[in-house]
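S.K.: pasting a predicted model and its sequence here:
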Amino acid sequence: MRASTISLLVLSLLVAAEASMRDDSRPKCKSCTANLVTITTTGAGAKAMDWDEINENGKCAMRTFICMGRNANIEVNGGDGVIDDQGTGIVIFTVTCNEDGTAWGGAGTEVTQIECSAAE
């Protein structure tokens with residue numbers, strides 16, 4: 001009986017210690033996950049993104065997509081918006097995690113789907 005009481009006490013202390021080590025001060029806007037944006041490769045000239053990185057070093061998480069190639073563009077939300085390379089062969093599109101940590105936003109809209117496209 002005494003051993004089980006001690007075990008219960010030790011377990012309670014471990015749970016309390018773990019809870020105190022959690023960083024609850026981390027802003028929600030650093031918690032957006034990659035799966036909130038679907039990257040498709042179904043359109044004409046579609047290909048994988050050349051770069052896709054989440055950076056949490058700033059106030060809120062930012063995600064940068066890079067698409068490279070001749071006549072490169074990134075289509076946003078099924079073609080609702082298109083960012084072209086303006087003749088440079090590279091498109092950089094950065095989105096920011098919203099304050100609730102539930103969506104990525106860029107160019108004034110919630111971004112749920114993107115696609116990189118370039119001519120061969």
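M.R.: Cool, got the structure.

S.K.: what's near enough to touch the most centrally placed residue in the chain?
M.R.: What sits nearest the mean C-alpha location of the chain, by C-alpha atoms, centre = their mean, is Ala34, with 3.8 Å. Ala34 is in contact with 52, 54, 63, counting by C-beta atoms under 8 Å, 6 or more residues apart in numbering. In short, each C-beta sits where N, CA and C put it, glycine included.

S.K.: of these, which is the most crowded?
M.R.: Most neighbours among the contacts of Ala34, by other C-beta atoms under 10 Å: Arg63, with 22 neighbours.

S.K.: secondary structure element holding it?
M.R.: Secondary-structure element containing Arg63, defined by DSSP states H and E: strand 62-68.

S.K.: returning to what we had before: next one: the residue nearest to the centre of the chain from Asp52, what distance?
M.R.: 8 Å (C-beta to C-beta, to the nearest Å).

S.K.: one more: Met62?
M.R.: In terms of C-beta to C-beta, Met62 sits 12 Å off from Asp52.

S.K.: which residues in this structure form helices?
M.R.: 2-21 (DSSP state H).

S.K.: what about it, any weak spots by pLDDT?
M.R.: Within the chain, the ranges that satisfy pLDDT under 70 run 1-24.

S.K.: strands of that one, residue ranges please.
M.R.: 38-40, 46-47, 51-55, 62-68, 70-76, 81-84, 90-97, 104-106, 109-111, 113-119 (DSSP state E).

S.K.: which residues sit in contact with Asp84?
M.R.: 71-73, 91.

S.K.: now the common contact residues for Ala34 and Asp52.
M.R.: Joint contacts of Ala34 and Asp52 (C-beta under 8 Å, 6+ apart) are Arg63.

S.K.: before we move on, back to that, quick one: strands adjacent to the strand holding Arg63?
M.R.: strand 51-55 (antiparallel), strand 90-97 (antiparallel) (DSSP bridges).
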